[in-house]
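[1] Return a 3D structure for these sequence lines:
(chains A and B)
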Amino acid sequence: MSAAIEKASATEQVRMSYLDALVQAQIEELERDERVILMGENMEIYGGGKIFERFDASRIWNMPISETSFTGVGIGAAITGLRPIVDLTIASFMYLASDPIINQASKLRYMTGGQVQVPIVFRCCMYYGAALAAQHSDRPYPMFMNVPGLKILCPSSPSDVKGLLKSAVRDNDPVMLFEDTKLWPLKSEVPTDPDYLVPIGKADVKLRGSDVTVVAIGGAMRLALDVADTLSKEGISIEVIDPRTLKPLDMTTIIESVAKTGRLILIENAHRIANVSAEIAAIVCEEAFDCLKKPILRLSAPDVHVPFSPALESLVFPTKAQLAAAVRRLL
Amino acid sequence: MPLNKSRQCETYRRMLRIRRFEEEGTKLYIAGKIPGAYHASIGQEATIVGACMALRNDDAMTGTHRSHGHPIGKGADLKALMAELMGKETGICKGRGGSMHLADKSVGIIGESAIVGGGIPLATGCGLSAKVRGTDQVSLCFFGDGAVNQGTFHESLNMASLWKLPVIYVCENNGYAITTSVARSHGQPSIAKRADSYGMTGVQIDGQDVRAVYETTDKAVQRARSGHGPTLIEAKTYRFDEHQVGLFIEKSPYRSAEEIEQHKTRRDPIVLYRQVLLADGISEGELATIEAEVLKTVSEAIRFAEESATPDPASLYDYLYSDPIPDAEQRATGSR
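    Presented below is the predicted three-dimensional model:
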């Protein structure tokens, strides 16, 4: 796996938001390695403001509205010695960038027999539940999971996003980071060590439990932890797992948990068909079917677009009540 | 700066290497020794080699699905290229790329894209990288007349002009995107003129004249190295064979037999350059020596490729990631 190592000595911590952890990770990597550059639209004014003030123009590239080609420009730069972080902003724009990501970044190492490598990070954020309608509300990571050659991250805590983004910048393969905007304001302790890394491809057990395993992706994690807390008062013990990396998936951690609990619920906000829950459920059935005491349950968005009207949009994403009901159904 | 005698001979050698490599490759393809598809560069040698001769080995380059000529034009060894065409382990891409993707990094090629227009942003990124790293490297991008109608052409040329990136965009305009002519697909049939709309220099040249291609590219390279930004070169060339070997459709010709014959007899870039070299005082004997050498080199490449082993089945996952993912193979085969 990745050369990144989770440092046990990361003692000093500071409380910061998920969004600030993202910015801090980029500042640290830009300072550490002069090959790292940032590319994205409106970098001077929005989100990256703090970053823009610290580094000169050769490190921070303000892009015209040309998502397909500036993604390809980043790939060309990565092949010839830089380590770009390409910020696609809204996740729906990943479709414009998907041709160079899939046809070039994911394939060139393989298709050239290892002659080139593509050390690049593609960031995007998933807005939903914010009345932005379907063209600004997608959670498209499942589509990219079907592409060999990519690594895909979707962490749920400030420290994980910092440590994983830093690992992604140091990785020699193309890495996609899907940030859930529901997590942006979330605050928790983050190690200040500039070499604090979270390894790519390693899940994290966010809460130990014994009755039911809940695997939650991205923004669904907050809901899963809330439900686990509520149900613990009734004596129900839930184990909550965050895969953190969606590709490659750490199935060992998930299967170990299922072997203990015998019950599995998967919750995420992507559409239901062929999503990450479907893949995890399939592997658990192939490799740990004997451990299951009850059928696997999946909670995700139905096969319908995200509507504009808040009255309709609230029907699309899984709720705490639905998760609590699913847990009770399995017990 | 004109080419000196030894560089003139090298230019002729590379053009001839492409021609003989493609002729022999076509025969091997028809004989079933090369799998997949085969897109020959015969007829386009002057555009390819003229542009490549203006570059250094550390200048990056991207190409197209018609990919065999580009590495040969940049000076690549033929053995690993022929082995790649045959899908062998000794192939330049270890048998993972094949005919449409003959990239050789040792001579600066970072990719040959079978997605039309796919290499244009990549070459632009190589230019951005050179600028960030503060080197005097340039990048050169080959693409066809069809690629000019992709969005990547528009977006990339805009960025290259905006930031004065050291990129040379070379359009191998052979007149047809498979069967669709420029007249039937371009609102502005002069591709060089499109440069104006990006605030970039655009030049149209005779792509069958290797000296014109070299001199134009050389000027563009000098401009790029000295920080004066990109150039679009439209080289008017011609593909002697079909888009792909075996693709000829008898009853629906998109170009006339006369047109093809006219180019083969009067506009063959190798015949044209041979005449130039003789006029410049290079002897028949010297040219005959090069011609014999090229035949020998191509035969040796074929022998090397035929004698090479196919890739080991255990290597299927090699080169996918920089670090192997151990579970993937077991899951795919259900052996876990």
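[2] drop to CA atoms for contacts and neighbour counts, all remaining ones
    Will do.
[3] contacting residues around residue 304?
    Answering for chain A, as no chain was given. A:H271 (Cα atoms under 8 Å, 6 or more residues apart in numbering or on different chains).
[4] that answer is for a different chain, and I need it for chain B
    B:F304 neighbours (Cα under 8 Å, 6+ apart): B:K79, B:A83.
[5] Could you grab the helix/strand/coil label for it?
    Look at B:F304: counting by DSSP: H, G, I helix; E, B strand; the rest coil, its state is helix.
[6] And it, how close does it get to chain A?
    Distance, B:F304 to chain A, using Cα to the nearest Cα, to the nearest Å: 18 Å.
[7] count of neighbours near B:R266?
    Residues lying near B:R266 (other Cα atoms under 10 Å in any protein chain shown) number 10.
[8] ugh, typo on my part, it should be B:G187
    B:G187 has 10 nearby residues by other Cα under 10 Å.
[9] Backbone dihedrals for the residue lying closest to B:D196 once chain neighbours are set aside, both of them.
    Among residues not flanking B:D196 along the chain, B:G202 sits closest, at 6.9 Å (Cα to Cα, 6 or more residues apart in numbering or on different chains). Main-chain torsions, B:G202, degrees, to the nearest 10: phi -130, psi 130.
[10] what residues are up against B:G202?
    Contact analysis of B:G202 by Cα under 8 Å, 6+ apart lists B:A192, B:K193, B:R194, B:A195, B:D196, B:T231, B:L232, B:I233, B:E234.
[11] Please repeat the previous calculation with a cut-off of 7 Å.
    When contacts are counted by Cα atoms under 7 Å, 6 or more residues apart in numbering or on different chains, B:G202 touches B:A192, B:K193, B:A195, B:D196, B:T231, B:L232, B:I233.
[12] can you give me the helices in the chain?
    Picked chain A for this. In chain A, helices defined by DSSP state H lie at A:18-32, A:49-54, A:67-79, A:94-99, A:108-111, A:141-145, A:158-170, A:220-232, A:251-261, A:276-288, A:310-313, A:320-330, listed in chain order.
[13] Chain B was what I was after
    For chain B, applying DSSP H gives helices covering B:5-30, B:45-52, B:69-73, B:78-85, B:119-133, B:151-162, B:210-225, B:257-266, B:269-279, B:284-307, B:326-333.
[14] Would you indicate which residues of the third one are buried?
    The neighbour-count check on helix B:69-73 (16 or more other Cα atoms under 10 Å in any protein chain shown) flags B:G69, B:H70, B:P71, B:I72, B:G73 as buried.
[15] Please produce CSV containing these, extended by distance to B:I30 and pLDDT.
    Listed next are the buried residues of helix B:69-73 as CSV, based on distance: Cα to Cα, whole Å; pLDDT from 0 to 100:
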residue, distance to B:I30, pLDDT
B:G69, 19, 97
B:H70, 22, 98
B:P71, 23, 98
B:I72, 22, 98
B:G73, 24, 98
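[16] which one of the helices of chain A is the most hemmed in?
    The highest mean neighbour count among those, using mean count of other Cα atoms under 10 Å in any protein chain shown, belongs to helix A:67-79: a mean of 29.
[17] How far does it sit from its chain's centre?
    Relative to its chain's centre, helix A:67-79 lies at 21 Å (Cα atoms, centre = their mean, to the nearest Å).
[18] Extract the C-alpha trace of that helix and format it as PDB.
    Provided in PDB are the C-alpha atoms of helix A:67-79 (Å, rounded to 0.1, in the frame of the first residue of the first chain):
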ATOM      1  CA  GLU A  67     -12.600  22.000 -16.800                       C
ATOM      2  CA  THR A  68     -11.800  19.300 -19.400                       C
ATOM      3  CA  SER A  69      -8.600  20.800 -20.600                       C
ATOM      4  CA  PHE A  70      -7.200  22.300 -17.400                       C
ATOM      5  CA  THR A  71      -7.600  18.800 -15.900                       C
ATOM      6  CA  GLY A  72      -5.500  17.500 -18.800                       C
ATOM      7  CA  VAL A  73      -3.000  20.300 -18.300                       C
ATOM      8  CA  GLY A  74      -2.600  19.100 -14.700                       C
ATOM      9  CA  ILE A  75      -2.000  15.600 -15.900                       C
ATOM     10  CA  GLY A  76       0.700  16.700 -18.400                       C
ATOM     11  CA  ALA A  77       2.300  18.700 -15.700                       C
ATOM     12  CA  ALA A  78       2.200  15.700 -13.300                       C
ATOM     13  CA  ILE A  79       3.900  13.500 -15.900                       C
END
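[19] tell me the mean pLDDT for it?
    The pLDDT scores in helix A:67-79 average 98.
[20] what does that helix contact?
    Against helix A:67-79 from outside (Cα under 7 Å, 6+ apart): A:84, A:86, A:96-97, A:100, A:105, A:116-120, B:121-126, B:128-129, B:152, B:155-156.
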